[in-house]
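K.L.:
here is a sequence together with a model predicted from it:
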Amino acid sequence: MMWLLLGLIALVVAFAPLPAQFVAPQARTFQVDARQFAYSPSELKVNPGDTVTIQLVSTDVVHGLYLDGYDISVQADPGQTATLTFIADKPGSFRFRCNVTCGAMHPFMIGKLTVGTNDWLYRSVGLAVLAAAGSVAYFAFHSHHENTQHATPNT
Amino acid sequence: MELTSNKFVKGLLLNRYPQYTVFIVMLAGYIFAILAGLIGTPVGSRNFSIVFVWIAWWAILILVAVPFFGRGWCAVCPIPLPGEWFQRGAVLSPPDKKPKRLNLRWPKALRNIWLQNVSFLLLALFSGVLLTTPNITGIVLAAMLFTAIGLSAIFERRAFCRYLCPVGGFIGLYSQTAPIELRIKDKQVCAACVGKPCYNGNENGYGCPWDVFPGGLTKNTYCGLCMECIRTCPHDNIAINLRPFSADLAKPSTRMDEAFKAFIMLAAAMIYAGVLLGPWGALKDAAYNVGASAWFIYAIIFLAIIFLVLPGLFTLGILKTKSALPLKRRFASLATALIPLGLMFWIAFSLSFVLTNAAYIFASLSDPLGLGWNLFGAANAAWQPMLTSILAPAQTLALVGGLIWSARTAQKAASEIKTSSIPVVAFCFITTLVMLWLLL
């Protein structure tokens, strides 16, 4: 019964709609320098609905920028600037990665775009709080119940 | 549920040929990975050694083999094979006449997993280079093969697998969570058995290569599932059983080497998540530029997190708990709770790493050495990450599920040694929060 209750609360934490904070969309432009094996800046934050322009400047070899979740990309030759424009219509946190093999650590050349708040992180933290507290409460209840049952025949 | 009660399964395990067929395929793949690393393209994401070892094999190992089959990988691992052939003087069944080898006993002081802890840490410290540079991967794979051969020539049984393999240490630790086990059926039969052929060998098979007496097996950690004891037991007293997950963890460990293995693996997953998958370029530079001052600082921080920060926080947590046992014993026993959490941390980390890089597998199959071949027409396939939309929910599921699993294990370990599990659950909770922040 207790697990069922915890499961229901977990579903609410994971999927209940959150109140949306409306911020008027605006145009945002970022110059992102790419070098082996990092972006600078490597963390970008925008609001949902913003029109985002990323000017990718490669400072050494050919680099790319592929944005998870949006499935869009751009590539820049050394010393050149390439531009990627999109509307940030999906909220959350997304990794962007180099999609042109650029050297040894290429698979780990990663940046992060956050659109609005990273709700999934907060939901996950909520689930972790529930898991920890729920486990402690459940096991305490369970062991108390067991102790009571074991004690009954002797009393 | 006993799997070996099925005649087909039993027959498959008794017969040496199915296992040896897999062994040969694995050995061929392993040698090809060494060659690809040494003579193939230096571009890691286009080289068979990097793509197949660190993406394909790693994905199978950590996402499937270890969680579901425990030491299932060790049952088909090709690394001990050539050394074992030399040591046994035979490729298949035991020879009529035993070859003369040194067959020394492994030194008593080293009969633990501290050397495996050190060998894993060595690889981990150089992982920035190892995971990305084909010739370094080739050299390390070759070094492991030749070390195994060398140790088989000097010591008895599989000394490399049991005491030195950097991978075997953590597979053993996490195999305790797997829903499969090799155990005896009846203790009395083993007690009365003359000659103990499961340990000493007979005409049907070799004595346990892992230096384990199956009659005393209570957990999976050091059983390599090589199946020799099933072949040698004259009483049909050995079984492969299906069982609930993490059955071995009900009885907590009392060993510090195993406790620190749990810390090493937990911390390494967190450090990799930050360094390899995080957006911080300076950390990647430090991890990659081996020998530079930044790398030394990285190495010191890496080791400090593993040996000071996490064990220190853990110790602070359990310091004030009431127990009749000394602190060292409590530390070792309660660290058992970190085993499921560490496994799930690795699964969450690997999901991200594997799904975003799996596309390289197809290209690498078509052109394994990066020499411009196109064997299957996929050499120029565009890189595309896979299933990124389900990645974050899957990682949350793994991490929160791991937290619940660890909390349950902590509760069992704590009740076994009659102390409180709350500090351990709190420690697991805090590390889970850090991992969530790093990955999401």
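P.N.:
Noted; the coordinates are in hand. Predicted model only: the values in this text are computed from it and were never measured. Numbering: from 1, shown residues only, chains lettered A, B, ... in the order given.
K.L.:
what comes up buried for the least confident helix or strand in chain B by mean pLDDT?
P.N.:
Scoring the helices and strands of chain B by mean pLDDT, DSSP states H and E places helix B:359-366 at the bottom, with a mean of 89. If you call a residue buried by 16 or more other C-beta atoms under 10 Å in any protein chain shown, then helix B:359-366 has these buried ones: B:359-361, B:363-365. The way it works is simple: take the backbone N, C-alpha and C, and place the C-beta from them, glycine included.
K.L.:
would you mark the buried spots in the helix or strand that it is followed by?
P.N.:
On the C-terminal side of helix B:359-366, the closest following helix or strand by DSSP states H and E is helix B:388-416. Neighbour-count burial for helix B:388-416 flags B:388, B:391-392, B:394-415 (criterion: 16+ other C-beta under 10 Å).
K.L.:
stretch B:52-69 now?
P.N.:
For stretch B:52-69, burial by neighbour count (16+ other C-beta under 10 Å) applies to B:52-59, B:61-63, B:65-67, B:69.
K.L.:
contacts for it?
P.N.:
Residues outside stretch B:52-69 that contact it (C-beta atoms under 8 Å, 6 or more residues apart in numbering or on different chains) are B:29, B:33, B:72-73, B:131, B:137, B:141, B:167, B:171, B:174-175, B:177-180, B:225, B:343, B:346-347, B:350-351, B:353-354, B:357-358, B:360-361, B:364.
K.L.:
can you narrow those down to the ones near chain A?
P.N.:
Under the cut-off given by C-beta under 8 Å from any C-beta of the partner chain, chain A has B:353, B:357, B:360 from those close to it.
K.L.:
closest to chain A out of the residues you listed?
P.N.:
Of all those, chain A sits closest to B:Asn357, with 5.3 Å by C-beta to the nearest C-beta.
K.L.:
how many neighbours does the closest one have?
P.N.:
Per other C-beta atoms under 10 Å in any protein chain shown, the neighbour tally for B:Asn357 reads 24.
K.L.:
I'd like to know which elements the one helix or strand A:Ala140 maps to is packed against.
P.N.:
Counting by DSSP H and E, the element that carries A:Ala140 is helix A:119-151. Secondary-structure packing of helix A:119-151 (3 or more C-beta pairs under 8 Å, 6 or more residues apart in numbering or on different chains; DSSP states H and E): helix A:2-15, strand A:92-97, helix B:388-416, helix B:422-439.
K.L.:
average pLDDT across that helix?
P.N.:
Averaging pLDDT along helix A:119-151 yields 84.
K.L.:
that one vs helix B:422-439, what angle?
P.N.:
Put simply, helix A:119-151 runs at 160 degrees to helix B:422-439, going by axes from the mean of the first three to the mean of the last three C-alpha atoms, to 10 degrees.
K.L.:
now helix A:119-151 against helix A:2-15, angle please.
P.N.:
Using the same axes, to 10 degrees, helix A:119-151 lies at 170 degrees relative to helix A:2-15.
K.L.:
let's have the ones next to chain A among the contacts of stretch B:52-69 in JSON lines, adding distance to A:Asp60.
P.N.:
Output for those, formatted as JSON lines (distance: C-beta to C-beta, whole Å):
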{"residue": "B:Phe353", "distance to A:Asp60": "24"}
{"residue": "B:Asn357", "distance to A:Asp60": "22"}
{"residue": "B:Tyr360", "distance to A:Asp60": "22"}
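K.L.:
can you list the buried residues in the helix or strand of chain A with the lowest mean pLDDT?
P.N.:
Sorting the helices and strands of chain A by mean pLDDT, DSSP H and E puts helix A:119-151 at the bottom, at a mean of 84. Of all the residues in helix A:119-151, those buried under the rule 16+ other C-beta under 10 Å are A:120-121, A:123-132, A:134-136, A:138-139.
K.L.:
which regions of the chain sit below the pLDDT cut-off?
P.N.:
You didn't say which chain, so I picked chain A. Applying pLDDT under 70 to chain A flags the ranges A:144-147, A:149-155.
K.L.:
can you look at chain B instead?
P.N.:
Using pLDDT under 70, chain B has no residue that qualifies.
K.L.:
that one - how does it break down into domains?
P.N.:
As given by automatic domain parsing, the domain ranges for chain B are B:3-175, B:259-439.
K.L.:
quote the end-to-end distance of the first one.
P.N.:
Going back to what we said before, that points to domain B:3-175. End-to-end distance of domain B:3-175 (C-alpha to C-alpha, to the nearest Å): 18 Å.
K.L.:
centre of the chain versus that domain, how much separation?
P.N.:
Computed by C-alpha atoms, centre = their mean, to the nearest Å, the separation of domain B:3-175 from the middle of its chain amounts to 10 Å.
K.L.:
what's the burial count for B:Tyr17?
P.N.:
Neighbours around B:Tyr17, by other C-beta under 10 Å: 9.
K.L.:
how about the secondary structure of it?
P.N.:
The three-state label given to B:Tyr17 by DSSP: H, G, I helix; E, B strand; the rest coil is helix.
K.L.:
around chain A, which positions in the stretch 151-300 of chain B sit nearby?
P.N.:
The stretch 151-300 of chain B comes close to chain A at residues B:275-282, B:284-285, B:288, as judged by C-beta under 8 Å from any C-beta.
K.L.:
buried subset of the residues you listed?
P.N.:
Buried members of those, counted by 16+ other C-beta under 10 Å: B:275-281, B:284-285, B:288.
K.L.:
now secondary structure too, for those, in TSV please.
P.N.:
Converted to TSV, these look like this (three-state DSSP):
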residue	secondary structure
B:Val275	helix
B:Leu276	coil
B:Leu277	coil
B:Gly278	coil
B:Pro279	coil
B:Trp280	coil
B:Gly281	helix
B:Lys284	helix
B:Asp285	helix
B:Tyr288	helix
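K.L.:
so A:Val74, which state does it fall into?
P.N.:
With three-state DSSP as the basis, A:Val74 sits in strand.
K.L.:
so who does it touch?
P.N.:
A:54, A:56, A:64-65, A:82-84.
K.L.:
ok, what's across the strand from it?
P.N.:
A:Leu65 (DSSP bridges).
K.L.:
kind regards, and thank you for your time.
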